[in-house]
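Q: Pasting the sequence and the predicted model now:
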Amino acid sequence: MCKPAYSDRLYHMPTDLQPASALANDMVTRIANAIFRQEGMSADYPNPGNLRGAPWLASPVIAHGFWQPASRAEGIAGAVHVIALRIAEGQSLTQLISAWAPPSDGNATATYIANVKEWAAIPDETEALWKFITT
């Protein structure tokens, strides 16, 4: 008998979980895109979320107080990682954005929250974000 190719052995998500997973991915993407829009960086800027750190990396490069990813793809992945983690922790949009863009850094945090809420279509900025992942 022939051994299956590696790709044939990859884990396949049960069909009943696919819609919830797609909804979660959609919410993370909507929030990330809204944050990138709010940050207003150019399309080629490697850190579109303006992350100050990358604690998941052993030795992230930090310059002028901001993480310097090697590519835009890495910067996007880092931002998505942080957003998904905060959702899993049960944070609300207000908690997420208040830490992401605190007033102490000169941000108009209330405006930032309002914009991301509207652009990402988040119904309530005070509720845990995971509550909006429904099928």
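A: Arrived safely.
Q: from here on, contacts and neighbour counts on C-alpha atoms
A: Will do.
Q: Give me the residues contacting stretch 81-93.
A: Here stretch 81-93 makes contact (CA atoms under 8 Å, 6 or more residues apart in numbering) with 28, 31-32, 96, 113, 117, 124-130.
Q: Which member of the residues you listed is positioned nearest residue 76?
A: residue 32 (8.2 Å; CA to CA).
Q: Okay, that closest one and residue 80: tell me how far apart.
A: 6 Å (CA to CA, to the nearest Å).
Q: Please identify which of these two sits among more neighbours.
A: Between residue 32 and residue 80, counted using other CA atoms under 10 Å, residue 32 has the larger neighbour count: 24 against 19.
Q: hang on, the earlier thing: most neighbours among the contacts of stretch 81-93, which one?
A: In terms of neighbour count, residue 129 stands highest of these at 26 neighbours, by other CA under 10 Å.
Q: Just give the number of residues close to residue 88.
A: Residue 88 has 12 neighbouring residues, counting by other CA under 10 Å.
Q: what's the spacing between it and residue 127?
A: 13 Å.
Q: Just the helices from this protein, written as ranges.
A: 18-39, 72-88, 93-100, 109-119 (DSSP state H).
Q: What is the distance between the last one and the centre of its chain?
A: Yep, that's helix 109-119 we're talking about. 15 Å (CA atoms, centre = their mean, to the nearest Å).
Q: Let me know the angle separating that helix from helix 93-100.
A: Orientation check (axes from the mean of the first three to the mean of the last three CA atoms, to 10 degrees): helix 109-119 against helix 93-100 gives 130 degrees.
Q: which residues are in contact with helix 109-119?
A: 30-31, 34-35, 38, 93-94, 97-98, 101-103, 122-125.
Q: Give the buried residues for that helix.
A: By neighbour count with 16 or more other CA atoms under 10 Å, helix 109-119 contains the buried residues 109, 112-117, 119.
Q: Isn't residue 70 up against residue 45?
A: No: with contact defined as CA atoms under 8 Å, residue 70 does not reach residue 45; the gap is 10.6 Å.
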